[in-house]
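Participant: Structure of the sequence below:
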Amino acid sequence: MFRRRTAHWWLAAYLVASLVNVFVSVRVVDMTSKTLLMPLLLAYFVSSLDGLRNQLVTCVGAALVFSWAGDLLLMGDG
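Facilitator: Next comes the predicted model:
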């Protein structure tokens, strides 16, 4: 899906999104950056593996997806 040579770009995008999430306090920007964090981290993780597949990789990928889902569910006003 992703190539190893693009891994550093995914990491850079993740770092930018995390810095924006920490230092920008505008609600729309904060919510947007928060929704991007886990998918960007997952993209970096997948691209850095270069096709490696095993049970640990599957579990870490699933953990990142469920972490993203949890972030989305906790973003409401309630």
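Participant: and Asn21, helix, strand or coil?
Facilitator: Assigned state for Asn21: helix (three-state reduction, DSSP: H, G, I helix; E, B strand; the rest coil).
Participant: Spatially nearest residue to it (excluding sequence neighbours)?
Facilitator: Residue nearest to Asn21 in three dimensions, not counting chain neighbours: Ser33, with 4.1 Å by CB to CB, 6 or more residues apart in numbering. The C-beta positions use only the backbone N, C-alpha and C, and glycine is treated the same way.
Participant: residue contacts, the one you found?
Facilitator: 17-18, 20-21, 24 (CB atoms under 8 Å, 6 or more residues apart in numbering).
Participant: Please identify the helix or strand for it.
Facilitator: Using DSSP states H and E, Ser33 sits in helix 27-49.
Participant: same deal with Asp77?
Facilitator: Taking DSSP H and E as the definition, one finds Asp77 inside no helix or strand.
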